[in-house]
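1. Make a model of this:
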Amino acid sequence: MRAPARDSPLLTLANPAPTPPEPPALPHSELVETHISWVFLTADRALKVKKPVAFPFLDYRDPTRRRELCEQEVRLNRRLAPDLYLGVRGLVPDEGGCALTDPGDSEAVDWAVEMRRFDERDTLAARVAAGTARPELVAEVGRLLADFHRTAQRVPAGQGASLAASIDENFDTLAEAGAIAPSELTAARRFATAFLAAAGESLQSRAEAGLVRDGHGDLRAEHVVLGERIEVFDCVEFDRRLREIDVGVDLAFLVMDLIHTGRDDLAAVLVGAYRAAGGDPGDDALVSFFACYRAWVRAKVAALRAGELAPGAARTETLDRARAFAATARRLAWSARGPRVLVICGGAATGKTHLARRLAAISGRRHLSSDVVRKRALGLESERRAPARAYTAEMSRRTYGQLGRLAAAELADGRGAIVDATFRFRRDRDAFARGLGACAPGPLFLECRAPAAELSRRAAAREHGQGSVSDAGSEQVERQLREFEALDEVPPDDHELLWTDRPVELVVDDVERALDSRLAR
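-> Residues are numbered from 1 along each chain as shown. Predicted coordinates:
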């Protein structure tokens with residue numbers, strides 16, 4: 001391999017400019033670029049050169065430091081990928097090219113990690129994309145990681161990195177990158193603060209029990225090779241604090257990756273096999289929190305990479321990737337809050353269904369609508385108008401009882417539910433409670449209200465055929481307002497009032513704020 005002569009950009013790596021540096025040229029190779037590395041691919045080798053860049057979480061600007069980190073990368077990665085890592089090579093300028101040399105060559109101006117190239121169709125990420133990731137292989141990965149964590153060096157309690165500090169750095173860097181809306185980051189930070197307050201003692205106990213280990217730090221699906229033997233490469237070498245973490249945080253990166261690609265089933269297989277092999281990633285809520293943090297890490301990496309790209313399609317695509325990971329983080333935050341039934345109640349036209357649908361989309365929880373359940377019991381399509389007999393007291397009792405049973409089934413499966421109904425009569429609420437049965441915590445009643453003028457406008461829109469599963473028109477809206485029986489039997493901490501004459505995202509933020517407030521205490 002030969003590359004540029006002595007006026008090559010390769011030589012500028014020792015003295016980087018503030019603008020993004022240029023990669024060295026290696027003929028007969030394909031270049032793949034990340035936010036921190038250049039990877040040159042040949043027929044049977046991969047050469048990874050570290051960019052002379054600095055971020056809040058790493059500093060590659062010093063060439064001597066880059067060499068040390070190349071050596072550390074090989075040593076650390078041979079724990080899980082001994083066949084892939086061949087060693088460190090020096091790079092020396094030569095006329096018409098760049099030659100590989102021994103790492104100790106005094107003429108070397110930079111260094112590369114040399115790896116054996118593998119078939120990228122064999123990564124777990126590629127297998128998932130192709131639909132060929134078999135559960136038994138994912139289970140084997142879980143067992144391998146449990147063994148790895150069991151034998152990895154234990155980090156004494158109090159000497160591991162602060163998870164709270166790492167989370168703060170992540171949000172601070174994202175805020176500076178500007179790829180995610182500030183309101184979204186504020187909400188995410190609020191949730192993380194609340195969860196850490198609730199889980200602080202548990203996290204400390206895990207550290208004291210030896211569950212903080214020198215792990216991998218970057219367990220992504222694209223770093224898992226399912227060849228003749230499973231190998232996991234590209235661990236974090238530049239900051240031991242990003243590796244010396246709770247084993248659950250380490251595993252959760254891969255859990256998140258699988259969930260992000262829509263394979264929640266494989267994520268469950270991975271965690272189940274890890275636990276069966278003796279690994280302890282924490283309970284489901286803790287795993288979800290760790291995975292939420294990892295999704296924000298991926299959002300940060302994508303945002304930083306976007307900042308290196310010129311305006312255009314590639315930059316737009318990378319920003320979209322950052323926002324997609326942010327959406328996954330938000331859904332995982334809902335999982336981490338634990339399974340709970342949210343009752344979206346209030347009179348007709350108060351915006352219950354619009355809010356419930358939005359909450360279900362964000363959280364991934366099932367939306368249970370009284371209108372749909374009521375009409376299904378009569379064999380009607382949800383958009384069809386129901387006859388008067390659908391609204392008798394007996395039919396309502398049956399409908400609310402079925403809503404409770406459906407919500408109970410979601411809780412039994414470890415999920416929560418979004419229940420959408422007026423709940424205006426105490427007898428209906430009692431029927432729902434009987435169907436739901438005992439659960440802790442109990443359902444959270446989110447009572448929707450809106451000014452009378454707004455209710456009239458919405459009811460008129462329905463009467464003009466602007467699509468709704470509800471049969472309530474103006475007359476029904478007024479009657480329900482008069483009939484609504486106060487939720488006096490609901491404990492105050494299980495009842496939240498929402499004004500829904502605002503954009504739905506603001507109302508959703510109120511819901512999340514209410515949940516986080518309860519979580520923190």
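2. contacts and neighbour counts: CA atoms only from here.
-> Fine.
3. Now Phe425: closest residue in space, sequence neighbours ignored.
-> Spatial nearest neighbour of Phe425, chain neighbours left out: Glu485 (5.6 Å); criterion: C-alpha to C-alpha, 6 or more residues apart in numbering.
4. Look up phi and psi at that neighbour.
-> Main-chain torsions, Glu485, degrees, to the nearest 10: phi -90, psi 130.
5. mind checking the longest helix of this structure?
-> Longest helix of the chain, by residue count under DSSP state H: helix 182-208.
6. still on that earlier bit, what sits against the residue nearest to Phe425?
-> With contact set as C-alpha atoms under 8 Å, 6 or more residues apart in numbering, Glu485 has these partners: Arg424, Phe425, Arg426.
7. What sits closest to the last one if chain neighbours are left out?
-> Spatially, and ignoring its direct neighbours in sequence, Arg426 is nearest to Glu485 (6.6 Å; C-alpha to C-alpha, 6+ apart).
8. ditto for the first one
-> For Arg424, ignoring the flanking residues on the chain, the nearest one in space by C-alpha to C-alpha, 6+ apart is Phe484 at 4.5 Å.
9. any idea of the pLDDT on the one you found?
-> Phe484 carries a pLDDT value of 89.
10. Out of the contacts of Glu485, which comes closest to Ile167?
-> Within these, proximity to Ile167 (C-alpha to C-alpha) peaks at Arg424, which comes in at 42.5 Å.
11. Confirm that closest one sits in a helix?
-> No - counting by DSSP: H, G, I helix; E, B strand; the rest coil, Arg424 is not found in a helix; it is coil.
12. count of residues packed around it?
-> As a burial measure, Arg424 scores 20 neighbours (other C-alpha atoms under 10 Å).
13. before we move on, what about Ser183?
-> 11.
14. repeat for Gly200
-> Neighbour tally, Gly200, other C-alpha under 10 Å: 12.
15. Could you measure from it over to Glu169?
-> In this view, Gly200 and Glu169 are 19 Å apart by C-alpha to C-alpha, to the nearest Å.
16. One more: Ala303?
-> 14 Å.
17. thinking again about what came up before, need the contacts of Glu485 in TSV (columns: distance to Gly401 and pLDDT).
-> Shown next, in TSV, are those (distance: C-alpha to C-alpha, whole Å; pLDDT from 0 to 100):
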residue	distance to Gly401	pLDDT
Arg424	15	94
Phe425	13	95
Arg426	13	97
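18. ok, now which ones touch Ala221?
-> Counted by C-alpha under 8 Å, 6+ apart, Ala221 has contacts Thr123, Leu124, Ala125, Leu254, Asp257, Leu258.
19. can you pick the most crowded of these?
-> Ranking those using other C-alpha under 10 Å puts Leu124 first, with 27 neighbours.
20. For that one, which non-adjacent residue is closest in space?
-> Per C-alpha to C-alpha, 6+ apart, closest to Leu124 is Ala221, 5.1 Å.
21. Model confidence for that neighbour, exactly?
-> 97.
22. again, but for the one 3 residues further on
-> Reported pLDDT at Val224 in the predicted model: 98.
23. next one: phi and psi at the closest residue in space to it that isn't next to it in sequence?
-> Leaving aside its chain neighbours, Val224 sits nearest to Val232 (4.5 Å; criterion: C-alpha to C-alpha, 6+ apart). Per-residue torsions, Val232: phi -120, psi 120 (degrees, to the nearest 10).
24. Next, count neighbours for Val232.
-> 27.
25. In terms of packing, which of Ala303 and Glu169 has more residues around it?
-> Set side by side, Ala303 and Glu169 show more neighbours around Ala303, with 27 against 15, by other C-alpha under 10 Å.
26. Would you double-check that the more buried one falls in a helix?
-> Yes - Ala303 sits within a helix when classified using three-state DSSP.
27. Leu319 is in contact with that one, correct?
-> Yes - at 6.1 Å, Ala303 and Leu319 qualify as touching, with contact defined as C-alpha atoms under 8 Å.
28. what is in contact with these two at once?
-> Ala179.
29. still on that earlier bit, got a list of what the residue nearest to Arg424 touches?
-> Gly346, Gly347, Arg424, Phe425.
30. I'd like the residues you listed as a markdown table, with distance to Asp214 appended.
-> Rendered in a markdown table, the data for the contacts of Phe484 read as follows (distance: C-alpha to C-alpha, whole Å):
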| residue | distance to Asp214 |
| --- | --- |
| Gly346 | 52 |
| Gly347 | 55 |
| Arg424 | 55 |
| Phe425 | 57 |
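31. Which one of those residues is nearest to His495?
-> Gly346 (12.0 Å).
32. And the closest one, how far from Gly416?
-> Going from Gly346 to Gly416 by C-alpha to C-alpha gives 20 Å.
33. that older thread, and which of the contacts of Phe484 is nearest Ala46?
-> Gly346 (61.1 Å).
34. Who are the contact partners of the closest one?
-> Lys352, Ala421, Thr422, Phe423, Arg424, Glu447, Cys448, Arg449, Phe484.
35. now do Asp257
-> Arg220, Ala221, Ala295.
36. what's the burial count for the first one?
-> So the one you mean is Arg220. Counted by other C-alpha under 10 Å, the residues lying close to Arg220 total 26.
37. hey, where'd the helices end up in the stretch 101-250 of the chain?
-> Using DSSP state H, counting those that start in this stretch, the helices of the stretch 101-250 of the chain run over 124-130, 135-151, 163-177, 182-208, 247-260.
38. The stretch 301-450 of the chain too?
-> With DSSP H, counting those that start in this stretch as the criterion, the stretch 301-450 of the chain has helices spanning 313-336, 352-363, 370-377, 393-412, 426-436.
39. Looking at those helices, which is nearest to Arg521?
-> Nearest to Arg521, of all the helices of the stretch 301-450 of the chain, is helix 313-336, at 15.1 Å by C-alpha to C-alpha.
40. ok and that closest one relative to helix 182-208, angle-wise?
-> On the basis of axes from the mean of the first three to the mean of the last three C-alpha atoms, to 10 degrees, helix 313-336 is oriented at 60 degrees to helix 182-208.
41. could you dump helix 313-336 to PDB, C-alpha only?
-> Taking Å, rounded to 0.1, in the frame of the first residue of the first chain, the C-alpha atoms of helix 313-336 are listed here in PDB:
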ATOM      1  CA  ALA A 313     -28.300  14.600   1.600                       C
ATOM      2  CA  ALA A 314     -25.700  12.800   3.800                       C
ATOM      3  CA  ARG A 315     -25.900  15.400   6.500                       C
ATOM      4  CA  THR A 316     -29.700  15.300   6.500                       C
ATOM      5  CA  GLU A 317     -29.800  11.500   6.700                       C
ATOM      6  CA  THR A 318     -27.400  11.500   9.600                       C
ATOM      7  CA  LEU A 319     -29.500  14.100  11.500                       C
ATOM      8  CA  ASP A 320     -32.500  12.000  10.800                       C
ATOM      9  CA  ARG A 321     -30.700   9.100  12.400                       C
ATOM     10  CA  ALA A 322     -29.900  11.100  15.500                       C
ATOM     11  CA  ARG A 323     -33.600  12.000  15.800                       C
ATOM     12  CA  ALA A 324     -34.700   8.400  15.300                       C
ATOM     13  CA  PHE A 325     -32.500   7.300  18.200                       C
ATOM     14  CA  ALA A 326     -34.000  10.100  20.300                       C
ATOM     15  CA  ALA A 327     -37.400   8.700  19.600                       C
ATOM     16  CA  THR A 328     -36.200   5.200  20.700                       C
ATOM     17  CA  ALA A 329     -34.800   6.800  23.900                       C
ATOM     18  CA  ARG A 330     -38.200   8.300  24.600                       C
ATOM     19  CA  ARG A 331     -40.000   5.000  24.200                       C
ATOM     20  CA  LEU A 332     -37.400   3.300  26.400                       C
ATOM     21  CA  ALA A 333     -37.900   5.900  29.100                       C
ATOM     22  CA  TRP A 334     -41.600   4.900  29.200                       C
ATOM     23  CA  SER A 335     -40.600   1.300  29.700                       C
ATOM     24  CA  ALA A 336     -38.200   2.300  32.400                       C
END
